[in-house]
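*Asks:* what shape does this take:
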Amino acid sequence: MALADEDIERLFDEECPGPADLGSVLVNDPIRNAANYPPLIVDAETHLSEVLRKMREAGRGAVLIVKDNRLTGIFTERDVLLRIAGFPIDVERTAVGEHMTPDPHTLPADSSVAFALNKMVVEGFRHVPLVDEQGRPTGMVSMRDLIDYLSDFFSKDVLNLPPDPRGGFSNRDGA
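*Replies:* Residues are numbered from 1 along each chain as shown. Below is the predicted model of the structure:
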């Protein structure tokens with residue numbers, strides 16, 4: 001027995017809650033539409049002190065490292081915590097190239113939002129550089145960019161809902 005069109009639509013709506021156009025956007029919109037800012041780009045020989053200053057001033061969590069205009073690495077907040085903080089490193093004299101993550105995973109700017117989101121979640125990336133066919137950086141997308149981009153598809157009423165008041169704890173151990 002075949003389902004009527006309205007039954008199929010109802011099942012789809014139950015299976016995929018949220019704005020009707022969100023699914024289409026995830027599959028069809030290129031990731032470059034979600035990238036909010038041009039990437040910070042520095043040469044591998046740039047001193048860590050300058051890179052950290054640029055990241056702080058721009059409020060960015062990552063900087064792209066290039067050599068001959070081609071992407072060679074990425075330096076992120078995570079690199080600061082795991083490779084710089086607490087180590088006896090002279091940030092005034094040490095080049096970012098010594099502490100960057102070399103050959104980062106990249107995406108072409110025309111990749112779909114869904115593909116980029118999946119890659120970031122599965123691989124655990126907070127930032128993914130966008131590159132052209134020659135490996136030159138054209139942008140960078142962050143998880144925050146994706147959250148901001150996707151939140152535009154939801155009503156502000158939905159985004160500001162209070163937590164479920166019925167979900168109280170019966171046992172406060174460990175709280």
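*Asks:* rest of the way, CA atoms for contacts and neighbours
*Replies:* OK.
*Asks:* now the helices for the chain?
*Replies:* 5-15, 22-28, 48-58, 77-79, 113-123, 143-151, 156-159 (DSSP state H).
*Asks:* ok, the closest residue to Glu98 other than its chain neighbours to Asp148 distance?
*Replies:* Distances taken as C-alpha to C-alpha, 6 or more residues apart in numbering place Ala44 nearest to Glu98, at 8.0 Å, with adjacent residues excluded. According to C-alpha to C-alpha, to the nearest Å, Ala44 stands 30 Å off from Asp148.
*Asks:* okay, the two: which has more neighbours?
*Replies:* Between Ala44 and Asp148, counting by other C-alpha atoms under 10 Å, Ala44 is the more crowded of the two (21 against 14).
*Asks:* can you check the pLDDT for the more buried one?
*Replies:* Per-residue pLDDT puts Ala44 at 95.
*Asks:* residues touching it, list them.
*Replies:* The contact partners of Ala44, taken as C-alpha atoms under 8 Å, 6 or more residues apart in numbering, are Ile65, Val66, Lys67, Ala95, Val96, Gly97, Glu98.
*Asks:* show the contacting residues for the closest residue to the fourth one other than its chain neighbours.
*Replies:* It refers to Ala95. Nearest non-adjacent residue to Ala95, counting by C-alpha to C-alpha, 6+ apart: His47, 4.3 Å away. Contacts for His47 were tallied using C-alpha under 8 Å, 6+ apart; they are Val91, Glu92, Arg93, Thr94, Ala95, Val96.
*Asks:* mind picking the two most distant members of the residues you listed?
*Replies:* Farthest pair in the contacts of His47 (C-alpha to C-alpha) is Glu92 and Val96. Separation: 10.4 Å.
*Asks:* distance check, Lys67 against Ile74.
*Replies:* Lys67 is 12 Å from Ile74, by C-alpha to C-alpha.
*Asks:* what is the burial count for Glu98?
*Replies:* 13.
*Asks:* er, Met120 I mean
*Replies:* Neighbours around Met120, by other C-alpha under 10 Å: 18.
*Asks:* try Asp103
*Replies:* 11.
*Asks:* before we move on, what about Pro38?
*Replies:* 11.
*Asks:* returning to what we had before: looking at the contacts of Ala44, which are in strands?
*Replies:* When the contacts of Ala44 are checked against strands (DSSP state E), the matches are Ile65, Val66, Lys67.
*Asks:* with distance to Val80 added, can I get the contacts of His47 in a markdown table?
*Replies:* Below are the contacts of His47 laid out as a markdown table (distance: C-alpha to C-alpha, whole Å):
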| residue | distance to Val80 |
| --- | --- |
| Val91 | 11 |
| Glu92 | 14 |
| Arg93 | 16 |
| Thr94 | 13 |
| Ala95 | 13 |
| Val96 | 10 |
